[in-house]
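only geometry, no sequence info:
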């Protein structure tokens, strides 16, 4: 009977493992089952088009099998899903919208076309990428027709002449939305905002060193470009960091609000209280000692023994 019991338990254990394996999918496997490249899958998660949850193992994500089936059941799968995360550069984007590359770049510099990603070419020049779906929508909107074919309005031309380029700022704000969407608690949300600020600007509004140290653990690095410390990595960090005074002030204001929420949610850890002998010193002990000292001093002044 013992042998029969063992024989019966083994398939059941294997079945439970298979069920667990099939219920939660790694990002790589989920991407394959959805017919996406891993970069397309990650972008879809950032955009909120694929629901992924923390895997509980240090920052990774996983996808429920039910989410895969939900996406597969949608009309036009998988083509529609792939189209929704298709990215294009300036040349492809201009052709898609039926405009010159120069006009496309001017529209992007003015903030009318918002990049979703960037990469650095071999000359360490920034190559901005845009969602093809958004470019099609922009071109199809009749209100934008004058911007596509007519002369750029004087107010916009003056901004271009002054050197306006909102592409880095717009990318930062979009990337912030990605980070906030994946943030799991108030500290993670505060860390997302802090990721776009220089540490000195963070220190201006987060005065407490223990709060600041804890917050630094939730700061997000820029998208990987080059080895740490390389010129490419430095450039990526520069693009990640707010530059304009009004953008810095806006992010600092948001950080103050989020830090209030984070501190209410869970206080930042503090160093352990000092121990005197084998007795832990609580916050009340110093006051008790001061009270006792004042009593002894009073007795001495009154001549009591």
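Cool, the structure landed. Quick caveat: nothing in here was measured; it's all calculated off a predicted structure.

any chance you could map the helices in the stretch 151-300 of the chain?
For the stretch 151-300 of the chain, applying DSSP state H, counting those that start in this stretch gives helices covering 154-161, 167-182, 186-194, 199-205, 209-216, 231-240, 245-265, 285-301.

residue contacts, residue 99?
With contacts defined as CB atoms under 8 Å, 6 or more residues apart in numbering, residue 99 is in contact with 107, 148. Just so you know, the C-beta spots here come from the backbone N, C-alpha and C atoms, and that holds for glycine as well.

at 10 Å what do you get?
Contact analysis of residue 99 by CB atoms under 10 Å, 6 or more residues apart in numbering lists 93, 105, 106, 107, 135, 139, 147, 148, 149.

same check, this time on residue 152
Contacts of residue 152 by CB under 10 Å, 6+ apart are 103, 106, 107, 110, 146, 158, 159, 160.

tell me the confidence at residue 155?
Residue 155 is assigned 86 on the pLDDT scale.

roughly how far apart are it and residue 226?
From residue 155 across to residue 226, the span is 38 Å (CB to CB, to the nearest Å).

before we move on, back to that, quick one: which of the contacts of residue 99 is nearest residue 233?
residue 105 (25.5 Å; CB to CB).

and that closest one, how many neighbours?
Applying other CB atoms under 10 Å, we find 19 residues neighbouring residue 105.

what does the pLDDT read for it?
Here the pLDDT value assigned to residue 105 is 97.

and what of residue 293?
40.

same deal with residue 239?
Reported pLDDT for residue 239: 95.

now it. Nearest residue, chain neighbours left out?
residue 168 (5.2 Å; CB to CB, 6 or more residues apart in numbering).

rewinding a little: hey, which of the helices of the stretch 151-300 of the chain is tucked in deepest?
Burial of the helices of the stretch 151-300 of the chain is given as mean neighbour count (mean count of other CB atoms under 10 Å); helix 186-194 ranks first at a mean of 23.

compute the inter-axis angle for it and helix 245-265.
170 degrees (axes from the mean of the first three to the mean of the last three CA atoms, to 10 degrees).

mind giving me the packing neighbours of helix 186-194?
If you count contacts as 3 or more CB pairs under 10 Å, 6 or more residues apart in numbering; DSSP states H and E, helix 186-194 packs onto helix 167-182, helix 199-205, helix 209-216, helix 245-265.
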